[in-house]
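Visitor: model the structure of this input:
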Amino acid sequence: MQHFTKVDHPLVQHKLTKMREVKASTAKFRMLLRELSHLLAYEITRDLPMTTATIDTPLEQMDSPVLKGKKLALVSILRAGNGLLDGVLELIPSARVGFVGLYRDEETLEPVQYYFKVPKDMAQRVVIAVDPMLATGNSAVAAIDLLKKSGATDIRFLCLLAAPEGVARMKEAHPDVPIVSAALDRELSDIGYILPGLGDAGDRMFGTK
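Guide: Numbers count the residues shown, from 1 in each chain. Predicted structure coming up:
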């Protein structure tokens, strides 16, 4: 996969526009996020390793393609990552799930870790880290650092929106981790928010301010 992939499918772009609107309710935002996570999951899993299994159809036996290796690991970067996680899990219900708890210090914009729990055998799994926003890239880089320390080697990053600064930061720190996003926005604000963006994804998803 390329280091950064923008999913420009018309349905993705239409639903993202609806999410950006300030008038979108919490319920509408959640629904659109779940729908978008399905569509983005198709792209980030496009090149998963495959093998074949012998099965019996109602008419005859055949060798048919199936996923190869251990179950995928989906890792949510808390708290906003859970919105993407739920939708991807609907598409890949057998995936194992992990969590990385990070919050951003509003003065330094640096991530602070408060939780980390991932499945076993990370080195043998394709790992998809999910977080709606790739802004400064600091939290994403910190999360990937932790995942690599846990043994993960095949890691992908899934987000809704990315800023050029965040993409550059990830490429510098983890050039081996491809990023899939619905959009690459213009820039970061002085306080580290993506512009034009959609606001704070966690607040809009959970109805907090």
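Visitor: just the pLDDT for Arg96.
Guide: If you check Arg96, the pLDDT there is 95.
Visitor: equivalent analysis for Thr208, please.
Guide: 82.
Visitor: that one: which element?
Guide: Using DSSP states H and E, Thr208 sits within no helix or strand.
Visitor: with adjacent residues omitted, what lies nearest to it?
Guide: Gly202 (7.2 Å; C-beta to C-beta, 6 or more residues apart in numbering). All C-beta atoms are positioned from the backbone trio N, CA, C, and that covers glycine.
Visitor: in what helix or strand does the one you found lie?
Guide: Using DSSP H and E, Gly202 falls in helix 201-206.
Visitor: just the buried residues of that helix, please?
Guide: Residues Ala201, Gly202, Arg204, Met205, Phe206 are the ones in helix 201-206 that count as buried (16 or more other C-beta atoms under 10 Å).
Visitor: can you list those in TSV and add distance to Ile44?
Guide: Converted to TSV, the buried residues of helix 201-206 look like this (distance: C-beta to C-beta, whole Å):
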residue	distance to Ile44
Ala201	18
Gly202	21
Arg204	23
Met205	20
Phe206	24
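Visitor: next one: the closest residue in space to Ser64 that isn't next to it in sequence from Asn82, what distance?
Guide: Using C-beta to C-beta, 6+ apart and skipping residues adjacent in sequence, the residue nearest Ser64 is Ile55, 5.3 Å away. Separation of Ile55 from Asn82 (C-beta to C-beta, to the nearest Å) stands at 35 Å.
Visitor: returning to what we had before: give me phi/psi at the residue nearest to Ser64?
Guide: phi -130, psi 160 (degrees, to the nearest 10).
Visitor: quick one: the strands in this structure?
Guide: 4-6, 50-56, 61-67, 73-78, 96-104, 111-117, 126-130, 133-134, 154-162, 179-184, 187-188, 194-195 (DSSP state E).
Visitor: who are the packing partners of the fifth one?
Guide: Yep, that's strand 96-104 we're talking about. For strand 96-104, the packing partners by 3 or more C-beta pairs under 8 Å, 6 or more residues apart in numbering; DSSP states H and E come out as strand 73-78, helix 81-91, strand 111-117, helix 138-149.
Visitor: just for the chain, where's the confidence low?
Guide: 1, 109, 209 (pLDDT under 70).
Visitor: hmm, try it at 90
Guide: 1-2, 69-70, 78-81, 83, 86-87, 102-113, 190-192, 199-203, 205-209 (pLDDT under 90).
Visitor: remind me, longest helix of it?
Guide: helix 26-44 (DSSP state H).
Visitor: give the buried residues for it.
Guide: Phe29, Arg30, Leu32, Leu33, Glu35, Leu36, Ser37, Leu39, Leu40, Ala41, Glu43, Ile44.
Visitor: hmm, who's touching that helix?
Guide: 5, 7, 9, 11-12, 15-16, 18-19, 24, 83-88, 90-92, 128, 130, 132, 156, 158, 160, 178, 180-182, 201, 204-207 (C-beta atoms under 8 Å, 6 or more residues apart in numbering).
Visitor: over to stretch 82-89?
Guide: Contacts of stretch 82-89 (C-beta under 8 Å, 6+ apart): 30, 33-38, 40-41, 74, 76, 95, 97, 128, 130-132, 158-160, 201, 205.
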